[in-house]
Each structure stands twice: as C-alpha cells, then as structure tokens.
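Undergrad: Turn this into a model:
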Amino acid sequence: MKRTLVIAALSATALILGGCGSSDGEPSNAELHASACERFEAITPGFFETREAIETLSDPNASVADRAEAMELQLDRMSGSNKRTRPYNCDDPRDKKFFDDYYSKLLEEE
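TA: Just a heads-up that it's a prediction; the model follows:
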C-alpha cells in the first residue's frame with residue numbers, strides 16, 4: 001500500500017513539475033475559439049453592421065447604389081426601425097460572417 005502511494009505521489013509530482021498541459025504553454029484552438037466567442041458576444045450590438053456601412057461609404061470603388069444602400073441601412077438602424085437588439089453569437093449563422101472576420105483578425109494579432 002505504501003509503495004503504491006509513493007509511486008502515485010511521484011507520478012503526480014512529475015506531472016506537476018513537467019507540466020501536464022501543452023509543452024509550449026500556448027492555448028489550444030478550442031480554448032482560443034471559446035475565448036473569442038466570449039469577447040465577440042460582449043461587443044455592442046450593431047457594431048459590425050455600422051463598421052460594414054462605414055467601410056462601404058468610405059470605399060472609393062463602391063458604386064453609388066452600394067453607398068446609397070449602406071447609408072439607408074445605417075439610417076434605419078440609427079432610427080430604431082432596424083436596430084439590432086440581440087447580442088452577437090458566434091454559433092448563430094446570421095453572425096457567422098462577422099465572427100469569422102473578428103476571429104481571423106484576432107488570430108493575426110496573436
């Protein structure tokens with residue numbers, strides 16, 4: 001019995017000293033994704049739609065029709081008739097485009 005306890009204690013010590021996680025200390029892809037989802041969901045609703053409209057309006061190659069549509073959508077959002085009230089969700093197909101863009105930029109920064 002004592003021998004088993006000593007072996008278990010030595011094994012636990014080796015794991016603790018050696019690190020029982022990944023050897024480089026980097027978070028796994030699943031951990032990065034979960035962290036990104038949390039941060040994505042905390043962003044103010046409507047932020048990405050506003051950014052998208054601003055990008056279209058500031059694009060010198062955007063057509064007049066594209067700019068007019070972006071302006072109209074943004075004005076609708078600001079007036080409240082098309083205001084986004086639900087938070088972002090990385091698992092929602094409606095937010096997939098925004099999350100993919102957010103996540104790819106996040107990975108570039110790290």
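
Undergrad: if I pick the residue nearest the centre of the chain, what's in contact with it?
TA: Residue closest to the average C-alpha location in the chain (Cα atoms, centre = their mean): Ala36, at 3.4 Å. Contacts for Ala36 (Cβ atoms under 8 Å, 6 or more residues apart in numbering) come out as Cys90, Phe99, Tyr102, Tyr103, Leu106. C-beta: built from backbone N, CA, C; applies to glycine.

Undergrad: Helices of this structure, start to end?
TA: Assigned helices in the chain, in chain order: 2-18, 29-41, 47-58, 64-79, 96-109 (criterion: DSSP state H).

Undergrad: Between those helices, which one is closest to Arg86.
TA: The closest approach between Arg86 and any of the helices of the chain, judged by Cβ to Cβ, belongs to helix 29-41 at 10.4 Å.

Undergrad: List the buried residues for that closest one?
TA: Judged by neighbour count (16 or more other Cβ atoms under 10 Å), helix 29-41 contains these buried residues: His33, Ala36, Cys37, Phe40, Glu41.

Undergrad: quick one: pLDDT of the first one?
TA: Read it as His33. In the predicted model, His33 carries a pLDDT score of 92.

Undergrad: what's it in contact with, if anything?
TA: When contacts are counted by Cβ under 8 Å, 6+ apart, His33 is found next to Cys90, Tyr103.
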